[in-house]
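Enquirer: Compute the structure for the input listed below.
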Amino acid sequence: MVLAEDLARQQRSISVAEFFEKNKHLLGFDSPMRGIITTVKEAVDNALDACEEAEVLPDIFVGIKKVDAEVYRITVEDNGPGIVPENVPLVFGKLLYGSRFHQIRQSRGQQGIGISAAVLYAQLTTGTPALVISRTGAKARAHRFELMIRTETNDPEIVSHEEVDWDRTHGTRIEIQFKSTLAAKKRLLDYLRLTAIVNPHSRLTADIDGEVTTFERVTSEVPPCPKSVLPHPHGIEFGALKRIAAANAGTIEEFLVNSFSRVGKKTADEMIDLARLDPARKTTTLDAEELKRLLDAMQSVRVPAPLAQQCLSPIGEELICKGLEKEIQLDFVSARTRPSSVFGGHSFVIEAAIGYGGKLQAEGNAQLLRFANRVPLLYQQGACAITNCVTQVNWKNYGLSQQGLPTGPALVMVHVASTNVPFTSESKDAVASIPEIEREIVLVLQELGRELKSYLSRRDRKKQQDDRARAICSVIPEIAAKVSEIVELPLVDTSPIEGRIMHRVVAKKRTIDGKVRIDVNNYTAKEVPLVLYNLSRDKADDAEPRPDFTDEFDGEYNKVWRCVLAPGAAWQVVYTGAGDGSIDLRGVEDNVKVVVDLDV
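Expert: The predicted model follows:
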């Protein structure tokens, strides 16, 4: 008896803040290195959600600066609608406080844990309060808060609050300091690059210890903000049904029509009839047995899937390709968006893309990019259903080697957009194995695999044709030289003859007295759009015409020109340099035949 009373005195309720303080690894704060990435991720996710809800093109700044030994200040600033002053302490200083948990729609954040968990992690490692500045409009002054979390009660503690001047007309800025390390710098830049790929309407600027990197947007259209929908009858459980029914004062028929998605009067009557209930009865009078019969009837009656176009915001095939091409140079890229599906009453759409060649590594496993609701998944790749689906596909049928994952210079991207992404843990690092989701992922990857196989077949045929063209083009000048010697006449330029015989576009690069000249001639019978890639250590600052863009990579400057050549037309670029790099001329259309000769 004494022992029982002693144990009873030790028992007390646990604050959610206390729980996560002792189990911070569940939220992605399991190491100082990962702490920075998780903090930036949560802050950027909130910023993107806020901007899209306000229909504002996101312009987000991320700053990381070392302020003391092993102490870093993480700053994230956005141009969103801002947060009203009375809500700022709750948003940043209370776990499980948010506006999206009870809404059935696609969003990056839902649980109201992420950014407040970062505040908790900061006070745990340095004891420093989080600094938040927010402004809701040009006519309102900005409010500056210093916040901490009372772990015993999971309530915000306001250290200071004042109105200040701020140069932004609207937006939010948060600064958090905690102990960490910048060993994750490359991983952090990778996260921002991947975020830019699946959020092509955003501009992200990162200042990491004075080194500034900007990821520009590729579209100026803000994606439509998903709208909240009612729960679907096929995804409801008994406890939820009982709770919703108890709060509804109408009849059973009104309850079904007004409380659930895609249920009309005819469908409701069918459910009520199957459950052997009176449609005119009040829902509050139903006992547990009658609610169970109603639930069984709701699962049995065929109900259309929720309207995905309302509650989901997929990226789209065109923007996926543009995002990948902007950040990763590829020889081939294709994307597919599957029709919407449903699991457990939740709508979802699977999008995927496949890329090949370019700057991708030729050895080792293919690069796998996983996303959920436009957020990169960086950790726990082996525990993710997406990885499992990629390994299920027989990539050897599509021209790739395989050792679990496909190998070679390939990239596989999968994006799961859903009103409720089934993550394996609170840190949202991996997607759980849901049969409906896995089936859609496998189907879209097989579809993209067939496209890759067609591309590889065309490439191999083109390589054979180019080899034949090179063989012929290497013989013709020798014949011309012999003929010139026999008839004792000057040697003629055989390039037009070679091009007309082969019906090709011919590119030739010459380096004479420090000047590099690239000549491109269209010997086909049609207008040809072309893209010229020139990879060398020459900066080509005086190039005429100017390149469309230049990208420095590993000490080499990848210059890209775009042009359209009419039948029989010529194009030329000249710049100062050693001409020690290679050039690659590609037709925008796959059937364009190109011959490239270097330093002829």
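
Enquirer: who's in contact with Ser160?
Expert: Ser160 makes contacts with 144-146, as judged by Cβ atoms under 8 Å, 6 or more residues apart in numbering. All C-beta spots, glycine's among them, are computed from the backbone N, C-alpha and C.

Enquirer: Which of those lies at the shortest distance from Glu289?
Expert: Of all the contacts of Ser160, Phe145 has the smallest distance to Glu289: 52.1 Å, by Cβ to Cβ.

Enquirer: element containing that closest one, please.
Expert: strand 142-150 (DSSP states H and E).

Enquirer: So which bits of whichever helix or strand comes after that strand are buried?
Expert: Next along the chain after strand 142-150, taking DSSP H and E as the criterion, comes strand 155-164. By neighbour count with 16 or more other Cβ atoms under 10 Å, strand 155-164 contains the buried residues Pro156.

Enquirer: returning to that earlier point: would you mind putting the contacts of Ser160 into JSON lines with neighbour count and distance to Pro58 alongside?
Expert: Converted to JSON lines, the contacts of Ser160 look like this (neighbours: other Cβ atoms under 10 Å; distance: Cβ to Cβ, whole Å):
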{"residue": "Arg144", "neighbour count": "20", "distance to Pro58": "23"}
{"residue": "Phe145", "neighbour count": "23", "distance to Pro58": "23"}
{"residue": "Glu146", "neighbour count": "16", "distance to Pro58": "26"}
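
Enquirer: Identify the residues contacting the strand holding Phe145?
Expert: 17, 85, 88-89, 92-95, 116, 119-120, 123, 129-135, 155-166, 168.

Enquirer: Just the CA atoms from it would do, formatted as CSV, please.
Expert: Presented in CSV, the C-alpha positions along strand 142-150 are these (Å, rounded to 0.1, in the frame of the first residue of the first chain):
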residue,chain,number,x,y,z
ALA,A,142,6.4,45.5,-37.7
HIS,A,143,6.4,43.7,-34.4
ARG,A,144,9.6,42.3,-32.9
PHE,A,145,9.4,39.4,-30.4
GLU,A,146,12.0,37.4,-28.4
LEU,A,147,10.5,34.1,-27.5
MET,A,148,11.1,30.9,-25.6
ILE,A,149,9.0,27.9,-24.7
ARG,A,150,8.0,26.9,-21.1
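
Enquirer: Direction included, what does it pair against?
Expert: Sheet neighbours of strand 142-150, with direction, are listed as strand 130-135 (antiparallel), strand 155-164 (antiparallel) (DSSP bridges).

Enquirer: Please save the CA atoms from stretch 286-301 in PDB.
Expert: What follows is stretch 286-301, C-alpha atoms only, in PDB (Å, rounded to 0.1, in the frame of the first residue of the first chain):
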ATOM      1  CA  LEU A 286     -27.900   7.100 -32.800                       C
ATOM      2  CA  ASP A 287     -26.300   4.500 -30.500                       C
ATOM      3  CA  ALA A 288     -23.000   2.800 -31.000                       C
ATOM      4  CA  GLU A 289     -24.500  -0.200 -32.800                       C
ATOM      5  CA  GLU A 290     -26.400   2.000 -35.200                       C
ATOM      6  CA  LEU A 291     -23.300   4.100 -35.900                       C
ATOM      7  CA  LYS A 292     -21.300   0.900 -36.700                       C
ATOM      8  CA  ARG A 293     -24.000  -0.200 -39.200                       C
ATOM      9  CA  LEU A 294     -23.900   3.300 -40.700                       C
ATOM     10  CA  LEU A 295     -20.100   3.100 -41.000                       C
ATOM     11  CA  ASP A 296     -20.200  -0.300 -42.700                       C
ATOM     12  CA  ALA A 297     -22.800   1.100 -45.100                       C
ATOM     13  CA  MET A 298     -20.600   4.100 -45.900                       C
ATOM     14  CA  GLN A 299     -17.700   1.800 -46.700                       C
ATOM     15  CA  SER A 300     -19.800  -0.500 -48.900                       C
ATOM     16  CA  VAL A 301     -21.500   2.200 -51.100                       C
END
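
Enquirer: how far out from the middle of the chain is that stretch?
Expert: Computed by Cα atoms, centre = their mean, to the nearest Å, the separation of stretch 286-301 from the middle of its chain amounts to 41 Å.

Enquirer: List the buried residues for it?
Expert: Neighbour-count burial for stretch 286-301 flags 286, 290-291, 293-295, 297-298, 301 (criterion: 16+ other Cβ under 10 Å).

Enquirer: cool, and stretch 414-429?
Expert: By 16+ other Cβ under 10 Å, the buried positions in stretch 414-429 come out as 414-423, 426-429.

Enquirer: Would you mind giving these as JSON lines with secondary structure and distance to Thr494 added?
Expert: Formatted as JSON lines, these follow (DSSP: H, G, I helix; E, B strand; the rest coil; distance: Cβ to Cβ, whole Å):
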{"residue": "Val414", "secondary structure": "strand", "distance to Thr494": "50"}
{"residue": "His415", "secondary structure": "strand", "distance to Thr494": "51"}
{"residue": "Val416", "secondary structure": "strand", "distance to Thr494": "57"}
{"residue": "Ala417", "secondary structure": "strand", "distance to Thr494": "56"}
{"residue": "Ser418", "secondary structure": "strand", "distance to Thr494": "61"}
{"residue": "Thr419", "secondary structure": "coil", "distance to Thr494": "65"}
{"residue": "Asn420", "secondary structure": "coil", "distance to Thr494": "67"}
{"residue": "Val421", "secondary structure": "coil", "distance to Thr494": "62"}
{"residue": "Pro422", "secondary structure": "coil", "distance to Thr494": "65"}
{"residue": "Phe423", "secondary structure": "strand", "distance to Thr494": "64"}
{"residue": "Glu426", "secondary structure": "coil", "distance to Thr494": "70"}
{"residue": "Ser427", "secondary structure": "coil", "distance to Thr494": "65"}
{"residue": "Lys428", "secondary structure": "coil", "distance to Thr494": "63"}
{"residue": "Asp429", "secondary structure": "coil", "distance to Thr494": "61"}
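
Enquirer: give me the low-pLDDT residue ranges for the chain?
Expert: The model of the chain has pLDDT under 70 over residues 1, 7-28, 96-103, 109-112, 499-503, 535, 551-557, 581-600.

Enquirer: Centroid-nearest residue for it?
Expert: Val198 (2.8 Å; Cα atoms, centre = their mean).

Enquirer: Count the residues that sit near the closest residue in space to Gln299 that isn't next to it in sequence.
Expert: Closest residue in space to Gln299, ignoring its immediate chain neighbours: His234 at 6.1 Å, by Cβ to Cβ, 6 or more residues apart in numbering. If you count neighbours by other Cβ atoms under 10 Å, His234 ends up with 21.

Enquirer: what does Asp548 give?
Expert: 12.

Enquirer: my read: it touches Cys563, true?
Expert: No - between Asp548 and Cys563 there is no contact under Cβ atoms under 8 Å: 9.4 Å.

Enquirer: Can you redo the strands paired with strand 142-150 as TSV, where the extra columns are distance to Glu254?
Expert: Shown next, in TSV, are those (distance: least, Cβ to Cβ, whole Å):
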stretch	distance to Glu254
strand 130-135	41
strand 155-164	39
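
Enquirer: Tell me which of those strands sits nearest to Pro490.
Expert: Of all the strands paired with strand 142-150, it is strand 130-135 that lies closest to Pro490, at 76.1 Å by Cβ to Cβ.

Enquirer: Now do that closest one: distance to the chain's middle.
Expert: Strand 130-135 sits 27 Å away from the centroid of its parent chain (Cα atoms, centre = their mean).

Enquirer: can you check stretch 78-86 too?
Expert: Here stretch 78-86 is found 24 Å from its chain centre; the criterion is Cα atoms, centre = their mean.
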